[in-house]
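1. Everything below, folded, please.
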Amino acid sequence: MIRIGATASYVPTERLSAADYYAQGEISEADLEGLKSRGVTSVPIEPAASAEEMMIRTLHKLLEGSSIEPASVKWLLVPYLNYAFRYDDPVLERIKSRFDLSRATCFSLRDLLCSNTLMAIQLAARMLEAEADEQATALILCVEKCLLPDQRQGGGHFLTGDAAAALSLHAGTYGDKLLAFRAFSDVRTIQEGKMKNGQTEVPDYFYYVTLVKQIRQLLTDARIHHTDLSLIIPNNVTPETWPLLARLLKLPVERFELEGFTRYGHLNNCDIVLNLDRIRNSNRLKKDDYYILLTLGNGGVVCCALCQKG
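-> Here you go, the predicted model:
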């Protein structure tokens, strides 16, 4: 059984207010009002440290706070949406050398948009299942750092912040069990032009059909009833997404952890691990509780993982 072991995160203390972002001319007044209506007043930003330094701080925190031996790390996976380094910069090799990860194969991965991190978790889990070494560990390390002002732009829907997060996976006896996983890209929601009826927006129900189908199949795969769920931890997309999904799943909206959106803003591939790390540190989940990690990427890419608290 593959388990999520340690988690760690780095959140800068400096913050950019939505009002200041508006004053910079990056968003309209209507966008500012939209952000306010969604509870977004500011997001964390890191003006000094590079993305590599943020990753190093996070990985140091992860390894220092756990019993992970560097020699046991077989894979270091870095999911990303917007690359925060030059493409010819050997960042992963430097990180590997700094932490003495001599046995680790390091690589980045993308193309499931804001669902890349759960894809990385599933990929790491499959590699661990096929690994003969029972002590083998995989690390997931993600960073979000906006290098250009317009990378924070989410209209009136969200602001993108800066942060880094990491987790470990292993086949040991401690940590949270990874029970089932689903990933799906709905081609109806990958828009290349106007729809036949002249609309430029994809109807919302396409997204909800995909979300509901994947979550129900996930629970069926693990033979778990939806009422057994203690919590659903989503990524930080527009908060109005989740109340309707809760109704469709016949769950109280309180089962959705929504604080991350107003606390951190949107963080592409960092927010799901950041939210999990915060929930674990708050002791909101008790031993044997079932919870879902859920990510929705632009274009209708859905990934979800069913876990059980260890």
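2. Please, where are all the helices along this structure?
-> Using DSSP state H, the helices found in the chain span residues 18-23, 29-37, 51-64, 91-98, 116-129, 204-222, 241-249, 259-264, 271-282.
3. burial count for residue 184?
-> By other CB atoms under 10 Å, 15 other residues sit near residue 184. For every residue, glycine as well, the C-beta is placed using N, CA and C.
4. repeat for residue 205
-> 10.
5. Now do the contacts for the nearest residue to residue 167 once chain neighbours are set aside.
-> Beyond its immediate neighbours in the sequence, the residue positioned closest to residue 167 (CB to CB, 6 or more residues apart in numbering) is residue 7, lying 4.6 Å away. By CB atoms under 8 Å, 6 or more residues apart in numbering, the contact list for residue 7 reads 62, 165-168, 273, 276-277, 280.
6. dump the residue contacts of the nearest residue in space to residue 119 that is not next to it in sequence.
-> Closest residue in space to residue 119, ignoring its immediate chain neighbours: residue 112 at 4.8 Å, by CB to CB, 6+ apart. Residues near residue 112 by CB under 8 Å, 6+ apart: 118-119, 183, 185, 297, 301, 303.
7. quick one: low-confidence ranges for the stretch 1-150 of the chain?
-> Counting by pLDDT under 70, the stretch 1-150 of the chain shows no low-confidence range.
8. rerun at 80
-> Within the stretch 1-150 of the chain, the stretches with pLDDT under 80 are 83.
9. Export the helices of the chain as TSV, with columns for distance to residue 160.
-> TSV is the format used below for the helices of the chain (distance: least, CB to CB, whole Å):
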stretch	distance to residue 160
helix 18-23	10
helix 29-37	12
helix 51-64	14
helix 91-98	21
helix 116-129	15
helix 204-222	20
helix 241-249	17
helix 259-264	10
helix 271-282	10
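10. Which among these is found nearest to residue 44?
-> Closest to residue 44 of these, according to CB to CB: helix 259-264, at 6.3 Å.
11. helices or strands up against the closest one?
-> Applying 3 or more CB pairs under 8 Å, 6 or more residues apart in numbering; DSSP states H and E, one finds that helix 259-264 makes contact with helix 271-282.
12. in the helix it packs on, what counts as buried?
-> By neighbour count with 16 or more other CB atoms under 10 Å, helix 271-282 contains the buried residues 271-280.
13. For stretch 251-259, list every residue counted as buried.
-> Applying a neighbour-count criterion of 16+ other CB under 10 Å, one finds 251, 255-258 buried in stretch 251-259.
14. typo on my end, stretch 292-307
-> Within stretch 292-307, the residues scored as buried using 16+ other CB under 10 Å are 292-297, 299-307.
15. out of those, who's nearest residue 104?
-> Looking across these and measuring by CB to CB, the closest to residue 104 is residue 305, at 22.7 Å.
16. what's the distance between that closest one and residue 40?
-> 26 Å (CB to CB, to the nearest Å).
17. Repeat that for residue 64.
-> For residue 64, the distance to residue 40 equals 32 Å [CB to CB].
18. Could you check which of those two has the larger neighbour count?
-> residue 40 (27 against 10).
19. for the residue nearest to residue 33 when sequence neighbours are not counted, what are its contacts?
-> Once flanking residues are discounted, residue 33 sits nearest to residue 156: 6.8 Å by CB to CB, 6+ apart. Residues in contact with residue 156 (CB under 8 Å, 6+ apart) are 27-28, 30-35, 37-38.
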